[in-house]
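A.B. asks: no sequence on hand, only this structure:
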Ligand SMILES: [Zn+2]
């Protein structure tokens, strides 16, 4: 379908259940779902935990759905999130994951699983910025999409 936020045709609908649909746009990286509406409990919960920047970015479409930037976190590949001190200077930030050396593993314990350790960590030195419309390039950078 056409994305109401950026107008590209790279927007996809996923039916999670007959009641709930998720909309994701690869053009601008914005996402929403059937519960992201004024007055919905789910939306209110999101507002409580969202970073200020994400709240500032919220876009309401003609059906009242609230769109906001996606956050991607794939432990063995990397993460992509919207980053900046204000709406005006914000960009996508892409960070690559790197394998943790055997001798360093003990520095990265998995809190919920005592005695186990992470295999990958996010390497902040690889952080690279991408314009909003270059969301797909950010995904390629961390290897989620082919170059
Ligand atoms: Zn879009």
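C.D. replies: It's in. Keep in mind that this is a model prediction, so the values were computed, not measured.

A.B. asks: the residue lying closest to residue 60 once chain neighbours are set aside: how many residues sit nearby?
C.D. replies: Sequence neighbours aside, residue 66 is the residue nearest to residue 60 in space, at 5.7 Å (criterion: C-beta to C-beta, 6 or more residues apart in numbering). (Glycine included, C-beta is placed from N, CA and C.) A count of nearby residues for residue 66, using other C-beta atoms under 10 Å, gives 20.

A.B. asks: and for residue 21?
C.D. replies: Residue 21 has 15 nearby residues by other C-beta under 10 Å.

A.B. asks: beta partners for it?
C.D. replies: As for beta bridges, residue 21 partners with residue 15 under DSSP bridges.

A.B. asks: now the longest strand that the chain contains: how far from the chain's centre is it?
C.D. replies: Ranked by residue count under DSSP state E, the longest strand found in the chain is strand 120-130. Distance of strand 120-130 from the chain centroid (C-alpha atoms, centre = their mean, to the nearest Å) equals 14 Å.

A.B. asks: pull out the buried residues from that strand.
C.D. replies: 120, 122, 130 (16 or more other C-beta atoms under 10 Å).

A.B. asks: what pairs with that strand, and is each one parallel or antiparallel?
C.D. replies: strand 91-99 (antiparallel).

A.B. asks: next, the buried residues of the strand it pairs with.
C.D. replies: Going by 16+ other C-beta under 10 Å, strand 91-99 has these buried residues: 92-97.

A.B. asks: what does it contact?
C.D. replies: The contact list for strand 91-99 (C-beta atoms under 8 Å, 6 or more residues apart in numbering) reads 29, 69, 74-84, 119-124, 126-132, 134-135, 138-139, 141-143.

A.B. asks: my guess is the residue nearest to residue 60 contacts residue 55, does it?
C.D. replies: No: if you go by C-beta atoms under 8 Å, residue 66 and residue 55 don't touch, sitting 9.9 Å apart.

A.B. asks: is it fair to say residue 54 lies in a helix?
C.D. replies: Yes: judged by DSSP: H, G, I helix; E, B strand; the rest coil, residue 54 forms part of a helix.
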